[in-house]
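Novice: Sequence and predicted model, in that order:
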Number of protein chains: 4
Amino acid sequence: MTTVGVGMVGHAFMGRAHSQAWRSVGPFFDPPLTPVMTALAGRDAARTGAAARALGWASAETDWKELLRRDDVQLVDVCTPGDSHAEIAVAALDAGKHVLCEKPLANTVAEAETMVAAAERARARGIRSMVGFNYRRVPAVTLARRLVAEGRIGTVRQVRAQYLQDWLTDPASPHTWRLDRDRAGSGALGDIGAHIIDTAQFVTGQLLTGVTALTETFTHERPLPGGGTAPVTVDDAALFLGRTDGGAIATFEATRVAAGRKNALRIEVSGSAGALSFDLESLNELWFHDATEDAATAGFRRIVVTEDAHPYAGRWWPPGHMLGYEHTFTHQMADLLTAIAEGTDPSPSFADGLRVQRVLAAVERSAAEGGGWSTVEGNV
Amino acid sequence: MTTVGVGMVGHAFMGRAHSQAWRSVGPFFDPPLTPVMTALAGRDAARTGAAARALGWASAETDWKELLRRDDVQLVDVCTPGDSHAEIAVAALDAGKHVLCEKPLANTVAEAETMVAAAERARARGIRSMVGFNYRRVPAVTLARRLVAEGRIGTVRQVRAQYLQDWLTDPASPHTWRLDRDRAGSGALGDIGAHIIDTAQFVTGQLLTGVTALTETFTHERPLPGGGTAPVTVDDAALFLGRTDGGAIATFEATRVAAGRKNALRIEVSGSAGALSFDLESLNELWFHDATEDAATAGFRRIVVTEDAHPYAGRWWPPGHMLGYEHTFTHQMADLLTAIAEGTDPSPSFADGLRVQRVLAAVERSAAEGGGWSTVEGNV
Amino acid sequence: MTTVGVGMVGHAFMGRAHSQAWRSVGPFFDPPLTPVMTALAGRDAARTGAAARALGWASAETDWKELLRRDDVQLVDVCTPGDSHAEIAVAALDAGKHVLCEKPLANTVAEAETMVAAAERARARGIRSMVGFNYRRVPAVTLARRLVAEGRIGTVRQVRAQYLQDWLTDPASPHTWRLDRDRAGSGALGDIGAHIIDTAQFVTGQLLTGVTALTETFTHERPLPGGGTAPVTVDDAALFLGRTDGGAIATFEATRVAAGRKNALRIEVSGSAGALSFDLESLNELWFHDATEDAATAGFRRIVVTEDAHPYAGRWWPPGHMLGYEHTFTHQMADLLTAIAEGTDPSPSFADGLRVQRVLAAVERSAAEGGGWSTVEGNV
Amino acid sequence: MTTVGVGMVGHAFMGRAHSQAWRSVGPFFDPPLTPVMTALAGRDAARTGAAARALGWASAETDWKELLRRDDVQLVDVCTPGDSHAEIAVAALDAGKHVLCEKPLANTVAEAETMVAAAERARARGIRSMVGFNYRRVPAVTLARRLVAEGRIGTVRQVRAQYLQDWLTDPASPHTWRLDRDRAGSGALGDIGAHIIDTAQFVTGQLLTGVTALTETFTHERPLPGGGTAPVTVDDAALFLGRTDGGAIATFEATRVAAGRKNALRIEVSGSAGALSFDLESLNELWFHDATEDAATAGFRRIVVTEDAHPYAGRWWPPGHMLGYEHTFTHQMADLLTAIAEGTDPSPSFADGLRVQRVLAAVERSAAEGGGWSTVEGNV
């Protein structure tokens, strides 16, 4: 087998991003398995058909279960809201399809646990699964992980992580499914907080073991596109402090009301011998401070992460030619295809997704209890 | 009376900074009262005499109580470690001397309360008191306060405050009185955390009403300059989340182990109509985002705060000529002298200092209790 | 006709970039004409065939002239070194094919003039031509042009333009065709200097009328990949000053030996009422200063150019999701396809390319004469 | 002798800056000679007397020649406009007074030459002279010079120097003596261009040997404060390219109409093994790129130049406490006093001032001739 048929569920923002990555991975990464964009599943026949044509899928289905029945689909790519992840992913794995599932893995720990169990069952049969924390594959973030692992910043002591957006600053900004707890699970916390939890755990190689948290909703009702209003049942902002299994302490902030900050996923890791700093709004840069340098010339270095020596970058353009948001998905597809071809486990695994989900649950628990310490079950 | 005799206690880092300010305030601010650098008090006769000569004080005393007895001293400037603030300041006020007291106001809430009481007694007799939160008078910080008060960022929703230093990153860095709880009260928390608490309360015009906190000490013993080691009995880093009486939420981090960050007092305030951002390492800049601007041209503006239109700046140099750390003290002296001359209350008051002290106490309480919610007594 | 068959010549760096753009323009821009990646032409059969497969071209040719004979090719995309542009482009236009030609338009003014003549002949028959100054379509650059045109910075007075790279800093860096005057025309000047000349003329809407210049080569011989060395017959760096037909003055620097600068195409335009500043290393940002703002809050604004209100950005991702280098080519293809479909002239035209070529020639003339003033023929 | 009596001529902007430095040098630098602020000379008795009191001078004179006659004055500090520098400095030196003269050294090469001759005559008698290029003593600039001299960036190849201000952007901005060729010599060129010429020559250790230049005046008449208008007879902006005696090439821009740039003296030096970059608007930072570092972690480092290991910084505050514009003058006074005490030649010398003056003359010559190459007499 040198190709893998892909069936994707969902064709909104994530579906568009994944489609571009499936299109691009071949020309730039020459993976051992060539993906074939076989089928797109959505609920509405007309809209799904149009999306399939626009995004380059060979066929369209109005029931995602059809993908599981098709022999020409070997990999299911789940790009739906979080409330349907568990059902689709478990069914796909049990049907013998490899699964790539968007983040957060699920809306609850219980769902995530069933997914991990399904992934383990499937793994025994050589079926692979991966959760889509795409920011692990920003070259600067992958490089940060590498530098920490190589000991370049010594022992990790502190993490400061923020994910700042501002699209809900204006109270007149319309309601969406992302503001409905039943669909989205939580607000800023699950949507973008999940990203910084995973990024922090990935870069440091440590797991959060406990948190104290506070969440807030500033606007409680928002206009519906068609008129009228709907209640906002999720958080606008979630703040929490944490401790890791490696002895580090951490601050986290996820917010959608940070006026003027568009997509500022920021993480700084301070160690006993140096520090690293990253901001997704400047995604081609990693800042590195080597505390062992001579004091006269020490300072944070702005590494432009586009060299052949950097993760992924050499597959694209000559040094200095910037990558963007979408390239993280292409990197993800490249690594997933390689893992499937080589019979290894892709990363991040569903278990990694569960480890994030458990932190989200601990945050919600602490916030509900007014900030008491909340242990992250399973990470301790 | 057109002059005021100043007696200063202490001649270490703060004493040097205050001396420069007392020397500079006349030429640049032409205050209604001219300060006379009358006497410097210290414990060691030789060292105090040498310091007096070096720093420009007309005489030296080895007992600060002598300052209270001298008729040529009308203002006592307290630049000693926090454990002696209460005794000196209360005695000076009761002796009818105006008092400028370095921050933090005291090492405990109880001490701070006695100081506030003394300040109130003295005030009834026309005696003024001020606590030295000098960063309120970085022109960019004063401008930030003005813009918030004018409503330029709308309703304040979030504060993110950090004070990052790195001088304790290296475990071999020597012990000092600042690492001894008996002298310093606390570690990063009281030393630099106090600054960001005051700055946040000043810029937003809101008080913290409760916190949840976590503190950590990474190095538990450090070498003494003369040989041997001493235990570190204070925190290296203090993290906390808070709520304000105006409905805002906040994150705070004070640390002395943030490798590569030298003096990064950073505060960002997000409101319903804009945001402000400041970093003490770039102290001549304030970043302002006006969310009511057209989306095509909106963005954080880098305001170089050296214009005549900006607080304090016009008294120094033409626009674009940068100020530094020390100028904040000169601004403080100018405003204090004006308040004394005009018979008004200088700001920040001892009561403002107590408001910070109460937050520090709540943070320590929460940290000791593993992160439970801790109400800030008196601010609610 | 709803599709257009594209035949591309060349499959190195530019060929890869254009291929990605031809693949991406449909899904994101839904252009009125759908491009079909019909044929790729190269010199070596095996390498061209492999490239065609890798990059997504339906067939391969070893003689670019075959493209002109094929009925299924209506557009020829010229991605070869500059010395072959004139021959290919003129032949393609005369054969009735639309032409997109990479920059610089040609290696000499004379060649460029024949190309403009061919473009005019073709235009009379409804055949379109465009030169590939892709940086005009960085959203931030397009926005800069719009703001200048709207008068937001008043009368343009000064331009400071730099294109700083560092890949030739090391004398041991190998020889390439780009260092051979016969193939490349010139060095940093024609390769990256051409970009800043075009960008400056585009953003300001003004043409350079004269220059004074200086060029330098620091390393005169470089190793060949296969062993031995070859002489460097082009400039490492080119500096020039200029005047425009709108009364502005300008500085230009193009260099490949600016250690640590990877791809720093920087342009700042100062006007009587404001200024704009851009750096390709931060390509999602435009800095805008409005000098008519109140002095207390004026300052350069960092505009994150990813909003729906910004050029091109809304076709990709939600606000705050960064674009990269390659997207400029997709924008170029979208506008070219629209122009062909609508029967309008795409921009930049071959005449625009000639206007750049004339400046390059004037720079070389001035540099050869030791810095004397050199009028830009045809732009005056 | 352990003190030196200082007599200063002029009490405008520079006089105020120098006064603050004379006041501050003792407490912070403990120089081997203590300066005594003996006398201030100005033209108007009332204004000079008031200035003397405000700035801390013990007496006032209305004729600078009186300073030369006073035995209690051993050092004359010349802070007047450039047209009087030669007369005062030559007379003072010939009268046996040490001289500190503000920059530019003079308004013409001829004047500067008479000053150098006087300095050499005086030197034979142990009398010292210095020209006030204060920016050499921004700690970051001094550090840059040191790193170049240590070979940390290899062979210097390129300099890009800018001095951008914006106070003449508005055509309604009033006339001053600085816009009058008879008083000021030239405009942006002599005022701020002189600074970047000196800084470039200082940091690189190389002299400019020839230039090609272009100057422009955008506003030809400006309002007088008292009503009416006066002609502007100097340049608003001066641009030039140059070559150095070390084989480097350089770009220079001095302008007072760069909207939004307040005091942006920027210099970047690119060498064969690294690069340095500085901006006076961020004067506590030096950016250093070491091209010999591993490609994976190389990048420009932001050095916060406030460490004990850095020039001057350790005399002020603990690391991370920022210095400002005025501190450069204090450093200058400290070094001058040390040189006088030790009987060595302070730097920059009048000869260094002449070397700048010769470049200014060459720039004016080239600009007048429409950009032809102009050799810098005496530097070749």
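Specialist: Noted; the coordinates are in hand. Residues are numbered from 1 along each chain as shown, chains lettered A, B, ... in the order given.

Novice: Distance check, the most centrally placed residue in chain A against residue A:112.
Specialist: The geometric centre of chain A, computed from its C-alpha atoms, lies nearest to residue A:133 (C-alpha atoms, centre = their mean), at 2.3 Å. Residue A:133 sits at a distance of 13 Å from residue A:112 (criterion: C-beta to C-beta, to the nearest Å). The C-beta positions use only the backbone N, C-alpha and C, and glycine is treated the same way.

Novice: Below-threshold pLDDT in the stretch 151-300 of chain A: ranges please.
Specialist: Low-confidence segments of the stretch 151-300 of chain A, defined by pLDDT under 70: none present.

Novice: Now for residue A:133 and residue A:112: what residues contact both?
Specialist: Counting by C-beta atoms under 8 Å, 6 or more residues apart in numbering or on different chains, the common neighbours of residue A:133 and residue A:112 are residue A:353.

Novice: ok, now which ones touch residue A:144?
Specialist: Contact analysis of residue A:144 by C-beta under 8 Å, 6+ apart lists A:203, A:267, A:269, A:276, A:278, A:286.

Novice: if we go to 10 Å?
Specialist: Going by C-beta atoms under 10 Å, 6 or more residues apart in numbering or on different chains, residue A:144 touches A:136, A:138, A:152-153, A:199, A:202-204, A:267-269, A:276-278, A:286-288, A:303, A:305, A:311.

Novice: do the same with residue A:17
Specialist: Neighbouring residues of residue A:17 by C-beta under 10 Å, 6+ apart: A:79, A:102, A:132, A:134, A:325-326, A:328-330, A:332, C:316-317, C:321.

Novice: Closest one to residue D:355 out of the residues you listed, please.
Specialist: Taking C-beta to C-beta as the measure, residue D:355 lies nearest residue A:325 of those, at 51.7 Å.

Novice: Okay, buried residues for whichever strand or helix holds residue A:4 please.
Specialist: When elements are assigned from DSSP states H and E, residue A:4 belongs to strand A:3-9. In terms of neighbour count (16 or more other C-beta atoms under 10 Å in any protein chain shown), strand A:3-9 has its buried residues at A:4, A:5, A:6, A:7, A:8, A:9.

Novice: hmm, that strand touching chain C?
Specialist: No: Strand A:3-9 stays out of contact with chain C when judged by C-beta under 10 Å from any C-beta of the partner chain, the minimum separation being 13.4 Å.

Novice: so how far is that strand from its chain's centroid?
Specialist: Its chain's C-alpha centre lies 20 Å from the corresponding centre of strand A:3-9 when counted by C-alpha atoms, centre = their mean, to the nearest Å.

Novice: what's the following helix or strand after that strand?
Specialist: helix A:13-29.

Novice: moving C-terminal of that following helix, what's the next helix or strand?
Specialist: Counting by DSSP H and E, the element after helix A:13-29 in chain order, helix or strand, is strand A:34-41.

Novice: Show me how far that next one is from its chain's centre.
Specialist: Taking C-alpha atoms, centre = their mean, one finds strand A:34-41 lying 22 Å from the centre of the chain it belongs to.

Novice: likewise stretch A:311-322?
Specialist: 22 Å.

Novice: what pLDDT, on average, does it get?
Specialist: Confidence over stretch A:311-322 (mean pLDDT, whole number) is 97.

Novice: That stretch: end-to-end distance?
Specialist: Chord length of stretch A:311-322, first to last residue, is 14 Å (C-alpha to C-alpha, to the nearest Å).

Novice: quick one: the nearest residue in space to the residue nearest to the centre of chain A that is not next to it in sequence and residue A:52, what's the gap?
Specialist: Of all residues beyond its chain neighbours, the one nearest residue A:133 is residue A:198 (4.4 Å), with distances taken as C-beta to C-beta, 6 or more residues apart in numbering or on different chains. Applying C-beta to C-beta, one obtains 30 Å for the distance of residue A:198 from residue A:52.

Novice: what's the answer for residue A:259, then?
Specialist: Computed with C-beta to C-beta, the distance linking residue A:259 and residue A:52 is 38 Å.

Novice: Of those two, give the one with the bigger neighbour count.
Specialist: Neighbour count, other C-beta atoms under 10 Å in any protein chain shown: between residue A:259 and residue A:52, residue A:259 has more, with 27 against 22.
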